[in-house]
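J.: give the three-dimensional model of this entry:
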Amino acid sequence: MGIFDSGVGGLCVFREIKKRLPHESIQYFADSHNCPYGSKTKEDALSLSRKNIEFLLEQDCKLIVIACNTVTAVAIDSFRSEYKIPFVGMEPALKPAALQSKTKRIGILATENTLNSRRFKQTFKKYATGLEVFVQPGYGLVELVEQRTQNSDRARCLLSQYLLPMMDKGVDTLVLGCTHYPFLMEMIKQVTKNRITIIDPADAVANQTKRLLTQFDLASNENHHPLFHFYTSGDKKIAQTFIDHAIKTPYILEQVNI
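T.: The predicted model follows:
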């Protein structure tokens, strides 16, 4: 199976999938050279994502996880009609946030394209009834993660700017609407002083991946020895640092230009 993201953020999804599907081989492509996708036009996001999909199909992937909220929001419906294999995408976790929140005031931190997408507006309409929802584009956060500066003073400054006004309005639950943002988890906890519940959708994505593999009879059996192959269009050393934290078994890492 394959996973792709605009960079290393999707490794949080990879980690959860590996826990639930320990026998599956995984090919992961991080398009860090073109990161971030969140501020690109819909046409550019579609074009880049299609190249990523074609690359993973060349690696014989049987299912593809789009570990990018932006691409899911603007393109997953097109890809599902265009390709024959199953796709799993990222969804803003409004439903679990609604169940968790006591104040019924929820914050969403996401990329601009995700927040402006038709898919997000549909999800919002479906699950936000009875809630006060405060949305905030996470300008600059993806770049900090890609540069391995997620624990910097700059990260603290941006997160304070984005999150403290939400908390002043009574927000007690925060939805992370970008796969890069879980790498900011420790800084988010520091800035919010652990007074806010953080919802990471990676868990739900891993569960859906397992369901689809079973549904389409694609799951590997227990005798399969899984292999993990990572590709990056960006800095190989930076990718390796993130992968080493996400995976504790042998893997292959290649720098590619597609």
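J.: partner strands of the helix or strand harbouring V135, with direction?
T.: According to DSSP states H and E, V135 maps onto strand 132-137. Sheet pairing of strand 132-137 (DSSP bridges) gives strand 105-110 (parallel).
J.: immediately after the strand it pairs with, which helix or strand?
T.: Taking DSSP H and E, what comes next after strand 105-110 is helix 112-116.
J.: after that next one, which helix or strand is next?
T.: helix 118-127.
J.: packing partners of that following helix?
T.: In terms of contacts (3 or more Cβ pairs under 8 Å, 6 or more residues apart in numbering; DSSP states H and E), helix 118-127 is packed against helix 69-82, helix 94-100. Every C-beta, even on glycine, is put in place using the N, C-alpha and C of the backbone.
J.: redo that, cut-off 10 Å
T.: Counting contacts by 3 or more Cβ pairs under 10 Å, 6 or more residues apart in numbering; DSSP states H and E, helix 118-127 is packed against helix 69-82, helix 94-100, strand 105-110, helix 112-116, strand 132-137.
J.: angle of it against strand 105-110?
T.: Orientation of helix 118-127 against strand 105-110 (axes from the mean of the first three to the mean of the last three Cα atoms, to 10 degrees) gives an angle of 170 degrees.
J.: tell me the angle helix 118-127 makes with helix 69-82.
T.: Inter-element angle recorded for helix 118-127 and helix 69-82: 100 degrees (by the same axes, to 10 degrees).
J.: and the contacts of the helix or strand following the strand holding V135?
T.: For strand 132-137, the following helix or strand on the C-terminal side (DSSP H and E) is helix 141-146. With contacts defined as Cβ atoms under 10 Å, 6 or more residues apart in numbering, helix 141-146 is touched by 6-9, 30, 32, 35-39, 70, 109-111, 138, 149-152, 154-155, 158-159, 162, 178-184, 187, 234-235, 238-239, 242.
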